[in-house]
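J.: For reference, the sequence and a predicted model appear below.
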Amino acid sequence: QVQLVQSGLEVKKPGASVKVSCTASGYNIDSYGLSWVRQAPGQRLEWMGWISGYNGDAHYAQKFQDRVSMTTDISTSTAYMELSHLRSDDTAVYYCARYDTLEGMFDRWGQGTLVTVSS
Amino acid sequence: DIVMTQSPLSLPVTPGEPASISCRSSQSLLHSNGYYFLNWYLQKPGQSPQLLIFLGSSRASGVPDRFSGSGSGTDFTLQISRVEADDVGVYYCMQALQSPFTFGPGTRVDIK
């Protein structure tokens, strides 16, 4: 069955970078996109961007354009999201989600990775 | 950016009774392919979001048929025909028509 398994809890200091991984199984990663969504405490879900599993093209939300990098490693069916220059308001649960670009839906989600930014 | 709003933000429900959540977008979600790029997700307590409805009215695989989506243009509705205890959580609508994809604020559904 389709599964997305994310890396574990991260605690970072302000100004540092974090890299979260998302390993896919049960489907061909190059047939779908992979999107990243975060949820700060008590806040709504916030879309950060997506990367094509087919050609590696990444598309970022303007808000994160200068600080985020999304990549994939097809050989290990793993996607990565790196966020730099962390601030306290980046504290959130970060989710990866399989993105069906034809039907515009996130149909499978990872379990989430809590990133805490604190001095 | 397309702004998504939902109402109500909190919805106490009685098991066996119907429930309805409204979602409104700041501009039409009609794609050039003729479909509305509007999804509904449910985030159960302590879990990741799960897809319920895509393209405005198509039920995702494994979703019970008591869930249905409808609407057009900028106004959409999620209906639960008979609420069950397992349906508690926060329901989000999301537009996937235009970057950045945006979510509504969520509607918290709990049992009375």
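T.: Great, that's in hand.

J.: Identify the residues contacting the closest residue to chain A within chain B.
T.: Residue nearest to chain A within chain B (C-beta to the nearest C-beta): residue B:96, separated by 3.5 Å. C-betas here are computed from N, CA, C, even on glycine. By C-beta atoms under 8 Å, 6 or more residues apart in numbering or on different chains, the residues touching residue B:96 are A:104, A:105, B:37, B:38, B:39.

J.: Find the residue closest to the spatially most central residue of chain B in space, skipping its chain neighbours.
T.: For chain B, the residue sitting closest to the mean C-alpha position, by C-alpha atoms, centre = their mean, is residue B:40 at 3.2 Å. Of all residues not flanking residue B:40 in the chain, residue B:53 sits nearest, at 4.0 Å (C-beta to C-beta, 6 or more residues apart in numbering or on different chains).

J.: Residue B:73 too?
T.: When the adjacent residues along the chain are set aside, residue B:73 lies closest to residue B:28, with 5.1 Å between them (C-beta to C-beta, 6+ apart).

J.: Look at that neighbour and say how many residues are nearby.
T.: When neighbours are counted by other C-beta atoms under 10 Å in any protein chain shown, residue B:28 registers 14.

J.: quick one: pLDDT of it?
T.: Note for residue B:28: predicted pLDDT of 98.

J.: same check, this time on the one 10 residues further on
T.: Residue B:38 is assigned a pLDDT of 98 by the prediction.

J.: where does chain B come near chain A, residue by residue?
T.: Contact residues, chain B versus chain A (C-beta under 8 Å from any C-beta of the partner chain): B:31, B:35, B:37, B:39, B:41, B:43, B:48-51, B:54-55, B:58, B:60-61, B:92, B:94, B:96-97, B:99-106.

J.: And the strands in chain A, which stretches?
T.: Under the criterion DSSP state E, chain A carries strands at the ranges A:3-6, A:10-12, A:18-25, A:33-39, A:46-52, A:58-60, A:68-73, A:78-83, A:92-100, A:105-109, A:113-117.

J.: Let's have these in TSV, adding distance to chain B.
T.: TSV is the format used below for those (distance: least, C-beta to the nearest C-beta, whole Å):
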stretch	distance to chain B
strand A:3-6	9
strand A:10-12	17
strand A:18-25	12
strand A:33-39	8
strand A:46-52	4
strand A:58-60	6
strand A:68-73	12
strand A:78-83	15
strand A:92-100	6
strand A:105-109	4
strand A:113-117	11
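
J.: so which of the ones you listed gets nearest residue B:81?
T.: For residue B:81, the closest of these is strand A:105-109, at 22.2 Å, according to C-beta to C-beta.

J.: helices or strands next to that closest one in the packing?
T.: With contacts taken as 3 or more C-beta pairs under 8 Å, 6 or more residues apart in numbering or on different chains; DSSP states H and E, strand A:105-109 sits against strand A:3-6, strand A:92-100, strand B:38-43, strand B:49-54.

J.: Try it again at 10 Å.
T.: Counting by 3 or more C-beta pairs under 10 Å, 6 or more residues apart in numbering or on different chains; DSSP states H and E, the packing neighbours recorded for strand A:105-109 are strand A:3-6, strand A:33-39, strand A:92-100, strand B:38-43, strand B:49-54.

J.: Done for today, thanks.
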